[in-house]
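1. Pasting a predicted model and its sequence here:
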Amino acid sequence: MQEITELKKQAGNFSVLVVLNDNSIKEEVLDFLQTVFIKIEVVSDSSEALELFKQKKPDIVITALDFASMNGLDFIQNLKKLNKFLPIIILSQTLNAEKLLELIHLGITDFIQTPINTELFKAAIIKAVDFSHVVTCKPDKHEMSQEESPIEALKEIFRKHLDIQLISNYKGIPIIHTGKIVEIYKDIVQIQTRKIQTKAIEFNKKTILESEFLPNDIEATLVNIDHNNAEVSLSHLTYIEYTPKRRKYARLVPSEDMKLMAYKKGGAKLNVDLRDISLTNLTFEIKTLPEFFKLGVILDLKIAFDVPENDLAYYVDKLYIINFQGKIIKIQEENATYFVSVEFEVPKIKEDVFNQYLYNRELALIKEFKRFASKKS
């Protein structure tokens, strides 16, 4: 009871919009919310909810995903366009890996499976209220000192007991969770997060720290890891301008069967290795950089990959080949190797097969990460 009283005090005058079309779940949710919030709006349809949101501008949204007028993903995208910092809690009986990944990209606060576990739901509400407090008192980034060192900026977050977001990936699949700074010693910051996040950091040996209270995102290198307490110690903190989270499409490490071929002017083949690929971009590595490789140069490219066995009926050959052109947008040198980023557009006639490859690869990597994360260290 004391915890609810404290939560009610924290919630203050915050308002909540509930968008549920299942009456039994709606009743259960309202029974709890009415012990915490004074202002609660309830609707059963996503289109109606969007119009109500524009009028009332609630601080927190709790919603299902299945609606007749507008599907849940479109609804959440529209909400985030109106308020990118809006805490959103999803309630759903089932959720496949692909849809969960899309929701993570959109920046939901939490996902609760129905029937509702009261403790998990309460924890989600606490998280949403905490975040709402941060947003309502959030300073303008332009007021922050760009000269403040990363460790000093993190000390301020630690002092205010604010959450921080950890952005990692597994072979291109974004792994994003919140965390709390538990200690800072010299140039090392210790953060407690989710165990699955510690696994992602273990895989990459680094992560990215994000907060609205930071002048820029911070890249941090793993120093030590405690899986039992879900804590990581990070050092070598550096401000960065751009993070993979801001990409429209995830850049995936390709399967072993996918090969990339690039060609010189005149048709001679170049020796390149494909590192990652998305719907519109790819990166390859090359040991010796040809003289004509400059930003903006157009390359002739070819990718080949295996068609899944269950799709073979639609194609003559198991090996599928796509010829296309791409524009060099970035060249980076690291350890005597050049990494070349290319922007491209697959021919319309080949789009369906290429999109299906990326979809299958993303699902395969999600399953692979789950197996990796379940292994004991």
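-> That came in fine, so what should we check first?

2. how is the protein carved up into domains?
-> Under the assignment automatic domain parsing, the domains of the chain span 2-136, 141-246, 259-366.

3. Arg371 looks like it's in a helix, true?
-> Yes: under DSSP: H, G, I helix; E, B strand; the rest coil, Arg371 falls within a helix.

4. Give me the distance between it and Ile88.
-> Relative to Ile88, Arg371 is positioned 29 Å away (C-beta to C-beta, to the nearest Å). To be clear about C-beta, it is placed using only N, CA and C from the backbone, and glycine gets the same treatment.

5. Looking at these two, which is more packed in?
-> Just comparing Arg371 and Ile88: by other C-beta atoms under 10 Å the higher neighbour count belongs to Ile88, 23 against 8.

6. For that one, give me its contacts.
-> The contact partners of Ile88, taken as C-beta atoms under 8 Å, 6 or more residues apart in numbering, are Ile60, Val61, Ile62, Thr63, Ile76, Leu79, Lys80, Gly107, Ile108, Thr109.

7. you'd agree Phe131 is up against Asp163?
-> Yes: between Phe131 and Asp163 there is a contact at 7.0 Å, judged by C-beta atoms under 8 Å.

8. Between the two, which has more neighbouring residues?
-> Between Phe131 and Asp163, counted using other C-beta under 10 Å, Phe131 has the larger neighbour count: 20 against 17.

9. Not counting sequence-adjacent ones, nearest residue to that one?
-> Leaving aside its sequence neighbours, Phe131 sits nearest to Pro87 (C-beta to C-beta, 6 or more residues apart in numbering; 4.9 Å).

10. Report the contact partners of that neighbour.
-> Pro87 is in contact with Asp59, Ile60, Val61, Thr109, Lys127, Ala128, Phe131, Ser132, counting by C-beta under 8 Å, 6+ apart.

11. Who does the third one form a beta bridge with?
-> Looking back up the chat, that one is Val61. Beta bridges link Val61 to Leu17, Ile88, judged by DSSP bridges.

12. That one: what's it in contact with?
-> Val61 makes contact with Val16, Leu17, Val19, Ala49, Phe53, Leu79, Leu86, Pro87, Ile88, Ile89, according to C-beta under 8 Å, 6+ apart.

13. what would those look like in a markdown table with distance to Ala364?
-> Listed next are the contacts of Val61 as a markdown table, based on distance: C-beta to C-beta, whole Å:
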| residue | distance to Ala364 |
| --- | --- |
| Val16 | 38 |
| Leu17 | 37 |
| Val19 | 33 |
| Ala49 | 35 |
| Phe53 | 37 |
| Leu79 | 31 |
| Leu86 | 32 |
| Pro87 | 32 |
| Ile88 | 28 |
| Ile89 | 29 |
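
14. Could I get those in CSV, plus columns for distance to Met70 and pLDDT?
-> Formatted as CSV, the contacts of Val61 follow (distance: C-beta to C-beta, whole Å; pLDDT from 0 to 100):
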residue, distance to Met70, pLDDT
Val16, 20, 96
Leu17, 15, 96
Val19, 10, 95
Ala49, 9, 94
Phe53, 12, 95
Leu79, 11, 92
Leu86, 16, 88
Pro87, 20, 91
Ile88, 15, 93
Ile89, 18, 94
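
15. So which of those residues is the closest to Gln325?
-> Distance to Gln325 across those (C-beta to C-beta) is lowest for Leu79, with 38.3 Å.

16. I'd say Asn13 and Ile38 touch.
-> Yes: in this structure Asn13 lies within contact range of Ile38 using C-beta under 8 Å: 6.9 Å.

17. Mind checking which of the two has more residues around it?
-> Neighbour count, other C-beta under 10 Å: between Asn13 and Ile38, Ile38 has more, with 12 against 8.

18. Next, the more buried one: phi, psi?
-> Dihedral pair for Ile38: phi -90, psi -40, per degrees, to the nearest 10.

19. ok, Glu219 - contacts?
-> Applying C-beta under 8 Å, 6+ apart, the residues near Glu219 are Lys206, Thr207, Ile208, Leu209, Leu237, Thr238, Tyr239, Ile240.

20. Only C-alpha atoms, please: export the strand or helix carrying it in CSV.
-> When elements are assigned from DSSP states H and E, Glu219 belongs to strand 217-226. C-alpha atoms of strand 217-226 as CSV (Å, rounded to 0.1, in the frame of the first residue of the first chain):
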residue,chain,number,x,y,z
ASP,A,217,25.3,9.7,-27.4
ILE,A,218,28.4,8.1,-25.8
GLU,A,219,30.2,5.0,-27.1
ALA,A,220,31.6,2.9,-24.3
THR,A,221,34.0,-0.1,-24.2
LEU,A,222,33.3,-3.1,-21.9
VAL,A,223,35.8,-3.4,-19.0
ASN,A,224,34.0,-6.0,-16.8
ILE,A,225,30.7,-7.8,-16.8
ASP,A,226,28.6,-9.4,-14.0
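
21. Only the buried residues of it, if you could.
-> By 16 or more other C-beta atoms under 10 Å, the buried positions in strand 217-226 come out as Asp217, Ile218, Glu219, Ala220, Leu222, Ile225.

22. Quick check, the first one in contact with Thr238.
-> Translated: Asp217. No: using C-beta under 8 Å, Asp217 is not in contact with Thr238; the gap is 9.7 Å.

23. Check the gap between the residue nearest to Phe131 and Leu299 for me.
-> To Leu299, Pro87 is 44 Å away according to C-beta to C-beta.

24. same thing with Thr5?
-> Per C-beta to C-beta, Thr5 is found 64 Å from Leu299.
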